[in-house]
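Colleague: prediction below, plus the sequence it came from.
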Amino acid sequence: MNKLITLLVLLMIVSTAYAHQSSTSFISLQGNGDKTMAEWKVSISSVLTLLILDRNNDGNINWLEVKNQSNRFWQLLENNLVISGTNGQCLLSPPVNQSLAVEKILDKNYLLIQFSVNCTFNSIKNIDYHYFFKIDNDHKAIVSLADQDRASVHILSADNNRIQLAASSVN
């Protein structure tokens, strides 16, 4: 039931955020026992302001051009998202195949980057996010945190780019 309520709240936030902003990204962390899986959905339009994806300069971006930039997308994530646990900074790791996908959210294309976090979900204390704020002060990140027992949604902005959690207290 908590996950359904969280999903409904998230959809309301997304609809409101979409109507008022040029740039929104989505981060989700899912705890499952001693594993923490995560994903980052970032609008391709915001990525285009930072990276050149059209490598052959034909005016079109194809999937091969996107896929060939997977290391650069990963660097964007690592440089802009820091997750800390009770024992210090958590290591963010891409899947073995660094799978990328494109997902459409409210008529915008988003790049989906999946990764794991080497801290247990319950030990996460801080999430710091810095992506795109220097370029777009209105950029927002909607962060959802969930495990089997609880879920929460947070909004990060240029003025509030950190989530502080007490260990084991995701509400």
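Modeller: Yep, that arrived.

Colleague: how about this structure, which residue sits the furthest from its center?
Modeller: The outermost residue of the chain relative to its centre, with distances by CA atoms, centre = their mean, is D58 at 29.6 Å.

Colleague: what pLDDT does the model give that one?
Modeller: We have a pLDDT of 87 for D58.

Colleague: using the three-state scheme, assign it.
Modeller: Put simply, D58 is coil when judged by DSSP: H, G, I helix; E, B strand; the rest coil.

Colleague: strands of this structure, start to end?
Modeller: Assigned by DSSP state E, the chain shows strands spanning 24-32, 35-43, 81-85, 88-89, 92-93, 100-105, 108-117, 124-129, 140-146, 151-156, 162-164.

Colleague: make CSV from those and add distance to E65 and mean neighbour count to it.
Modeller: For glycine as for every other residue, the C-beta is placed from the backbone atoms N, C-alpha and C. Shown next, in CSV, are these (distance: least, CB to CB, whole Å; neighbours: other CB atoms under 10 Å):
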stretch, distance to E65, mean neighbour count
strand 24-32, 21, 21
strand 35-43, 16, 20
strand 81-85, 24, 19
strand 88-89, 32, 11
strand 92-93, 24, 16
strand 100-105, 12, 13
strand 108-117, 12, 18
strand 124-129, 26, 20
strand 140-146, 25, 22
strand 151-156, 29, 18
strand 162-164, 34, 14
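
Colleague: out of the ones you listed, nearest to T49?
Modeller: strand 35-43 (9.9 Å; CB to CB).

Colleague: tell me what the closest one is packed against?
Modeller: Of the remaining helices and strands, those touching strand 35-43 by 3 or more CB pairs under 8 Å, 6 or more residues apart in numbering; DSSP states H and E are strand 24-32, strand 108-117.

Colleague: now these as a markdown table including mean pLDDT and distance to V42?
Modeller: Listed next are the helices and strands packed on strand 35-43 as a markdown table, based on pLDDT from 0 to 100; distance: least, CB to CB, whole Å:
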| stretch | mean pLDDT | distance to V42 |
| --- | --- | --- |
| strand 24-32 | 94 | 5 |
| strand 108-117 | 92 | 5 |
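
Colleague: how about those, which one is nearest S152?
Modeller: Between the helices and strands packed on strand 35-43, strand 24-32 lies closest to S152; by CB to CB that is 10.1 Å.

Colleague: returning to what we had before: F133 is nearest to which of the helices and strands packed on strand 35-43?
Modeller: So among those, strand 24-32 is nearest, using CB to CB, at 10.9 Å.

Colleague: now the closest one: how far from the chain's centre is it?
Modeller: 6 Å (CA atoms, centre = their mean, to the nearest Å).
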